[in-house]
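> Provided below for reference: sequence and predicted model.
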Amino acid sequence: FALLGGLSFWMIQDLKREIVAEPEAKIFRASFTAKYVSGSEDLMKLIGPFEEILKEKRYQEKINGFVTNAGEKWGNIRILLKEDTDPEKFEKELDKDFKSNPDVRVRVSKWNPTSLPLPQVYDAIVSFEPVSPKDFEDAIFLCNRFEDLVENKEDTPFGNNWCEPWSGARKEIQIFPNRFKLERMQSERGVRLNSKDLSDYVEVASYRKYIGELFLEGEPTKIYAKYPEGKIKNAEDVGNIAIPLTIENNRRSYSLQTFAKLQSTFVPPMVKVVKGVRNVVHYGYLKSDTKMSKKEAQDWLRKKAEEVLKKYPDQKASMIVQDPYKDVDRSIASLVFSLMLSLILILSVLVLQFQSIQQSLIVMLAIPLGLFGVVISLSVFESTLSLNSMLGAILLAGVAVNNSILIVDFFNSIRKSGHTVREAVLRAVGIRFRPIVMTMMTTIFAMFPMALNLGAGGKTLQPLGVAVSGGLLISTVFTLLIVPLALYLFSEES
């Protein structure tokens, strides 16, 4: 009994915790984020090497295909697995091959468009709170430096890391056209110039503008107007963008700031407010092959947080390493309370039935045995401690006592016929052994498809099936040993 308890306590420390397991997806998504690209074509050049990896034979044997999407700063590759491909092994392989580099940040994740909107359970949550709203830029700066430190360390236990708001927060130049000057140019000089014209000139100078399409050598070719690379380097160059105008048959060039006011401002791509305070949050997941325990990973994270704060003492923002499993633990704790309540109700019914607290407690020995079995089974099957596994434990509490009830009730009947305690125990176990094993086997076989993650959405219910079938197996085996022994030791001959 003590051995099972100690083994369960040791195993439960490393069980992955989550609220509800998501359905197993056969689609993976590799997300790409680049800060210093000028459009989707540049981003596609950075994604290209990752596409070549997927074209290799070792991947072609495991996937049905992939689709690439690219925007101005971000893109993704969606990868469809074959039915016989193991998603867990594929994810480990993809994590090794799809690594971030100085030009593009890569994050690999499972993608299931039909999944429920469940709360995410992260392995790392670090919040950066600015001292005042004007120090929000400092919070983003610290998060970016922390993200770089965590991701680029060789001993890092974390694979996917990112900041929200995204680390692409930037300085922006806002252009406000002077309508009075534009209207004056038209009324006094006869030159028609509007905000759209200014926007076109800025687009040509800063990126490129689509002009039209020509047929060259029999093929349609798109024509773009753009400045030479490196022509625009700073805000002053933007203000000096040339606006060519023809006034009274004379060609003249004006600067953009002649007709518009330019203002530099800091614009985060998204604002995150928690309890009325703007903050930036770093999220991360543990690597699938990390050898660190969750507690060791959290300690490692705190040390890195201290390093960042010491390195950048002038940044006006605080850093808080949060407990990422707080919400999960709270949900599991509520079900633990439900389990305790169910045990009290079971004990009440048993006392009324047997008219003996001692025999009622002997019957309930099967319940902790079952709970030990739940923890051991979840660990062996690499399942998770979730709401479904806790529901399985509550269900098991009601099922596990049935075997003990059969033994104790039959023991009492034999004792009334005048047999000794030893004889009653041996006969009760011998006669009820076959029905108990048959009941156990039928229940376990009924739960097997669920425990083996068979069928669509099987991963969501797998923890429940593992908890009930594994817990019942261990509970039954040890019930047939411990309950008769307890009856023999604590029953009187008279």
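Structure's in. What do you need?

> how far away from the center of its chain is stretch 81-100?
In this view, stretch 81-100 has its centroid 16 Å away from the chain centroid, taken as CA atoms, centre = their mean, to the nearest Å.

> got it, and stretch 127-147?
23 Å.

> got the CA positions of that stretch in CSV?
Below are the C-alpha coordinates for stretch 127-147, written out as CSV (Å, rounded to 0.1, in the frame of the first residue of the first chain):
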residue,chain,number,x,y,z
SER,A,127,4.6,39.4,-17.9
PHE,A,128,6.3,42.7,-18.4
GLU,A,129,4.5,45.6,-16.8
PRO,A,130,5.5,49.2,-17.7
VAL,A,131,5.9,51.6,-14.8
SER,A,132,3.6,54.0,-16.6
PRO,A,133,1.7,53.9,-19.9
LYS,A,134,4.4,56.0,-21.6
ASP,A,135,6.9,53.2,-20.7
PHE,A,136,5.1,50.6,-22.8
GLU,A,137,8.0,50.6,-25.3
ASP,A,138,10.4,49.6,-22.5
ALA,A,139,8.1,46.6,-21.7
ILE,A,140,8.2,45.4,-25.3
PHE,A,141,12.0,45.9,-25.5
LEU,A,142,12.5,43.7,-22.4
CYS,A,143,10.2,41.0,-23.7
ASN,A,144,12.1,40.9,-27.0
ARG,A,145,15.4,40.6,-25.2
PHE,A,146,14.0,37.9,-22.9
GLU,A,147,12.6,36.0,-25.9
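
> so which bits of that stretch are buried?
127-130, 135-147 (16 or more other CB atoms under 10 Å). Heads up, the C-betas are built off the backbone N, CA and C, glycines and all.

> so which of those sit within strands?
Ser127, Phe128, Glu129, Pro130 (DSSP state E).

> in TSV, list those along with pLDDT and distance to Phe32.
Shown next, in TSV, are those (pLDDT from 0 to 100; distance: CB to CB, whole Å):
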residue	pLDDT	distance to Phe32
Ser127	86	26
Phe128	85	24
Glu129	83	29
Pro130	83	29
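
> which one among the residues you listed gets closest to Ala428?
Ranked by distance to Ala428 (CB to CB), those are led by Ser127 at 59.9 Å.

> got a list of what that closest one touches?
Val274, Asn279, Val280, Val281, His282, Met319, Ile320, Gln322 (CB atoms under 8 Å, 6 or more residues apart in numbering).

> the same query, at a cut-off of 7 Å, please.
Asn279, Val281, Ile320, Gln322 (CB atoms under 7 Å, 6 or more residues apart in numbering).

> weed out the non-buried ones from those.
Among the contacts of Ser127, those classed as buried by 16+ other CB under 10 Å are Asn279, Val281.

> please state the offset of stretch 437-455 from the chain centre?
Centre to centre, stretch against its chain (CA atoms, centre = their mean), the figure for stretch 437-455 is 30 Å.

> tell me the mean pLDDT for it?
Averaging pLDDT along stretch 437-455 gives 83.

> ok, residues contacting that stretch?
24, 399, 458-459, 461-462, 464-466, 468-469, 472-473, 476.

> pLDDT of stretch 88-100, averaged?
The pLDDT scores in stretch 88-100 average 84.

> residues contacting it, please?
Residues beyond stretch 88-100 that count as contacts (CB under 7 Å, 6+ apart) turn out to be 28, 30, 50, 53, 62, 81, 106, 108, 151, 159, 287-289.

> how about 6 Å then?
Under the criterion CB atoms under 6 Å, 6 or more residues apart in numbering, residues Ala30, Phe50, Ile53, Val106, Val108, Gly159, Ser288 lie in contact with stretch 88-100.

> what does stretch 404-413 give?
Contacts for stretch 404-413 (CB under 6 Å, 6+ apart): Gln359, Val363, Ala366, Ala424, Ala428, Arg432, Thr479, Val483, Leu487.

> again, 8 Å this time
Residues from elsewhere that reach stretch 404-413 (CB under 8 Å, 6+ apart): 350, 354, 359, 362-366, 424-425, 427-429, 431-432, 435-436, 479-480, 483-484, 487, 491.

> now the residues you listed: which count as buried?
The buried subset of these (16+ other CB under 10 Å) comprises 350, 354, 359, 362-366, 424-425, 427-429, 432, 436, 479-480, 483-484, 487, 491.

> next secondary structure element downstream of the one helix or strand Leu378 maps to?
Element membership of Leu378, judged by DSSP states H and E, is helix 366-380. As assigned by DSSP H and E, the chain's next helix or strand after helix 366-380 is strand 384-385.

> walk me through which strands that following strand pairs with, and which way each runs.
Here strand 384-385 is paired, per DSSP bridges, with strand 16-17 (parallel).
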